[in-house]
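Enquirer: fold the following and give me the result.
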Amino acid sequence: MIRKIAAALAAALLFTGCTTVDPVTGEREPNRTANGAIIGAIAGAAAGTLAGGNDRRNAMIGAGIGALAGAAIGNYMDRTYLNLRERLAGTGVGVERVSQSQIRLIFPADLTFDFNRDSVKSQFVGTLQNTGNVLRDYEQTTVDVYGHADSVGSDAYNQDLSERRAMNVASVLMQGGVIRQRLIAQGYGETRPIADNSTDTGRARNRRVEVFISAFQG
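Expert: Here you go, the predicted structure:
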């Protein structure tokens, strides 16, 4: 599973992520050095967390990020939520306060990706980077990126697509300033629908990437 996620990220970043402009042709090309760093960072964080360990927690502490406790959690997450609501207003991104210690962002697939593609739409990269800018300023949170698909197509295909989409969203958030120690990315395929897959509207809702922002607690 971990190797599959790493491979999916590597393939996805051939089409998205950091790029440079060729001075001769003027074409945009992938910055393989930067993309390689992102691949290792996200896959490494995912590996430790998926294995059931505390790798991310230990890494965050090692990076000098202190845990929140008590009343500070609600206040910190209030400020995070209000800033995200303000910065993402009018973008089509859903911002939901799940609990005192958690916020969920919903990126509809039709807004974020072209049909059946895993690379983030060029016109949406700025929105994702802006999200990363906000999250960079609220470092006492963990960031979990989950990809989801509808039920059209095989289970294996939808699982793979959801993983690649989650990885690409995560890579852009890192470009926006989210450090690797805070971040993991996973795909759930068609296993977690939020709407009826028998309708066009329902399938559109199920094709999504969700980002859960949780207080880093002591």
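
Enquirer: my read: Phe113 touches Arg165, true?
Expert: Yes. Contact criterion CB atoms under 8 Å: Phe113 and Arg165 qualify, at 6.2 Å. In this view, the C-beta of every residue, glycine as well, is placed from N, C-alpha and C.

Enquirer: between those two, which is the more surrounded one?
Expert: Neighbours were counted for Phe113 and for Arg165 using other CB atoms under 10 Å; Arg165 has more, 30 against 24.

Enquirer: ok, now how distant is Val98 from Glu139?
Expert: As for Val98, its distance to Glu139 is 20 Å (criterion: CB to CB, to the nearest Å).

Enquirer: neighbour count winner among those two?
Expert: Using other CB under 10 Å, the more surrounded residue of Val98 and Glu139 is Glu139, with 17 against 13.

Enquirer: for that one, give me its contacts.
Expert: Residues near Glu139 by CB atoms under 8 Å, 6 or more residues apart in numbering: Ile65, Ile179, Arg182.

Enquirer: do that again at 7 Å, thanks
Expert: Ile65, Arg182 (CB atoms under 7 Å, 6 or more residues apart in numbering).

Enquirer: so it belongs to a strand, correct?
Expert: No. Remark: Glu139 does not belong to a strand; assigned using DSSP: H, G, I helix; E, B strand; the rest coil, it is coil.

Enquirer: need phi/psi at it.
Expert: Phi and psi for Glu139, reported as degrees, to the nearest 10, are phi -70, psi -10.

Enquirer: which non-adjacent residue is nearest Ile106?
Expert: Once flanking residues are discounted, Ile106 sits nearest to Gly94: 3.6 Å by CB to CB, 6 or more residues apart in numbering.
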